[in-house]
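Student: here you go, sequence then predicted model.
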Amino acid sequence: MRLKRQDGPRLGDNGSSGLSLPPAVSVVLGAWMLSWPAFYNGFPLIYPDSMTYLDDGRTVARAVFFHQLSGYYGMRSFFYSLVILPFHQNVTPWPVVAVQCLLVAWVLRLVVRAIAPLLGEAPYLVMVLALSLFSSVGWFSCLILPDILGPVFYLGAFLLAMAPETLKRMERWGLFAASCWGVASHATHLLLAGVLCLLLAAMAALERRPLRQIAAVAGKVTALAAVAAGAQLALHGYLYGTPTLNGERPPFLMARVIADGPGRQYLEQNCAHLNWSICSHVNQLTSDPDQFLWGDDGVWASASDAAQRQLVREEMPLVQATVRTFPRQQFARSFGNFLSQLWLFGLYDLDPSSWAHDQFKTVMPASQGAYERSRQARNGLDLEFFTTVQYWSVLAAILIAAGFVALLRRWKPRRLYQLGATIAFLVVANAAVTGPLSMPEDRFECRVIWMAPLFAGLCALAWLNQRKAGPSPEATAEALEGAGRMG
């Protein structure tokens, strides 16, 4: 029986129904939900690297805006440091938490609208609340690091490339800017931009789109990476006199192949005829890359500036020689690191750091007392409990997503499937980049694993959206086309 028009759901301007709430208000509420770990802690979450990001912004800003060049600018992302500097001003990091939570909440709302355009604000808020309580998204939104900007870029690039019709013009520009910031904020994000470009182009090709549309999909992600890479080259060229993507970074790959074993074995066999600086340390090399780089008596930390520059020059020759000499051994160790990283996504890296505590005296003295009173500084965060919650939520997300995909098979929601494939690919690719190239560490995978529960939530919202749209795939397609034409 056909229902009368007044019996059906009332649609808003964007085709949604449900909770009547301005989008900006729902984003603010979503950001507030994401920020609970910072309030629970009593202070924004701090990692040792956080202090360098907070400190380096001043030095780089003086060089860029006042031409006060320095001999050293740091080794982290200058673009993350520069963007957050006006918000914290070396006084308090709380505004940085607000910015990151608002950005994540906004991107999540755009994703929800692209997948379930007929639903109102209430389902979005319920999903954000569930994600903030049962996954790591809130923890990383409150962490003073660029880690959360990786998923912002991945989701933003997907929307720009595969669902641009769901975005308004200003949303496209805002998403482009946020995604560029995400790419430029961490070296691994730039590496993953390349594989994401290939993945999305392959998806467009599998849809048998015209070559022009496939090129447009790849071109949008390429443009994001190109703008970020170009900005890095220009900034590093201005600061150092030589354009480079990495700046003055430590020899991470050298530390990795030595810690894996094949690099150390190559040095032991060949240092007799090599005039390398690293050979003077061959008898003190360990299987811990952290000790190599950051230990008080580590090779890198204890080296002079000239010796550090020499070690950087020796890095790639050592890596290439190691791979040529011990290809199977190095591949086996790298593959093992990848597998370890894939299943390592706890919150244990948020333990207190004495080094970070000491840095507050010079980086942010006005906030030192507040940090010392935080749960994190007093080792009062129940990280084991929240890690257990995260592991069970990921397992539950896989089962829930599988169940809803079965329920949705009649409707074949193409965009949802594409986003699911993108998320799965990036979770694996992130482990493949960080584990073998740096080291297996909880933080590296924890920053992206929350997108698995996100996909499960989107599957549930897509199912609700289909039920609201109508009983037939044809009716759903027509409703989605009308509701999703936002631009």
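Tutor: Everything's here; your move. Numbers count the residues shown, from 1 in each chain.
Student: pull out the buried residues from the helix or strand where Gln232 lies.
Tutor: Secondary structure assignment for Gln232, by DSSP states H and E: helix 211-240. Residues of helix 211-240 classed as buried by neighbour count (16 or more other CB atoms under 10 Å): 214, 217-218, 220-225, 227-229, 231-232, 235-236, 239. Heads up, the C-betas are built off the backbone N, CA and C, glycines and all.
Student: can you give me phi and psi for Leu143?
Tutor: phi -90, psi 130 (degrees, to the nearest 10).
Student: excluding chain neighbours, give the residue nearest to it in space.
Tutor: Leu45 (4.3 Å; CB to CB, 6 or more residues apart in numbering).
Student: what does Phe425 give?
Tutor: According to CB to CB, 6+ apart, the nearest residue to Phe425 is Leu199 (5.5 Å).
Student: residue contacts, that neighbour?
Tutor: If you count contacts by CB atoms under 8 Å, 6 or more residues apart in numbering, Leu199 has them with 421-422, 425.
Student: how about a cut-off of 10 Å?
Tutor: By CB atoms under 10 Å, 6 or more residues apart in numbering, the residues touching Leu199 are 158, 161, 192, 218, 221, 418, 421-422, 425-426, 429.
Student: so which of these wins on neighbours?
Tutor: For the contacts of Leu199, the largest number of neighbours (other CB atoms under 10 Å) sits with Val221, at 28 neighbours.
Student: pLDDT at the residue nearest to Phe425, what is it?
Tutor: Listed pLDDT for Leu199 reads 94.
Student: tell me what the strand or helix carrying Leu129 is packed against?
Tutor: Secondary structure assignment for Leu129, by DSSP H and E: helix 121-134. Counting contacts by 3 or more CB pairs under 10 Å, 6 or more residues apart in numbering; DSSP states H and E, helix 121-134 packs against helix 23-34, helix 36-41, helix 94-115, helix 137-141, helix 383-407, helix 451-469.
Student: and the last one, which residues are buried?
Tutor: Along helix 451-469, the positions that meet the burial threshold by neighbour count (16+ other CB under 10 Å) are 451-466, 468-469.
Student: what do you get for the longest one?
Tutor: Using 16+ other CB under 10 Å as the burial criterion, the residues of helix 383-407 that qualify are 383, 386-387, 389-390, 393-394, 397, 400-401, 404-405.
Student: out of those, who's nearest Ile115?
Tutor: Closest approach between the buried residues of helix 383-407 and Ile115, by CB to CB: Phe404, at 11.7 Å.
Student: got a list of what the closest one touches?
Tutor: Phe404 neighbours (CB under 10 Å, 6+ apart): 413, 416, 455-464.
Student: hmm, try it at 7 Å
Tutor: 459-460, 463 (CB atoms under 7 Å, 6 or more residues apart in numbering).
Student: now Val312. Its backbone dihedrals?
Tutor: phi -60, psi -40.
Student: can you pull the pLDDT of it?
Tutor: At Val312, pLDDT is 90.
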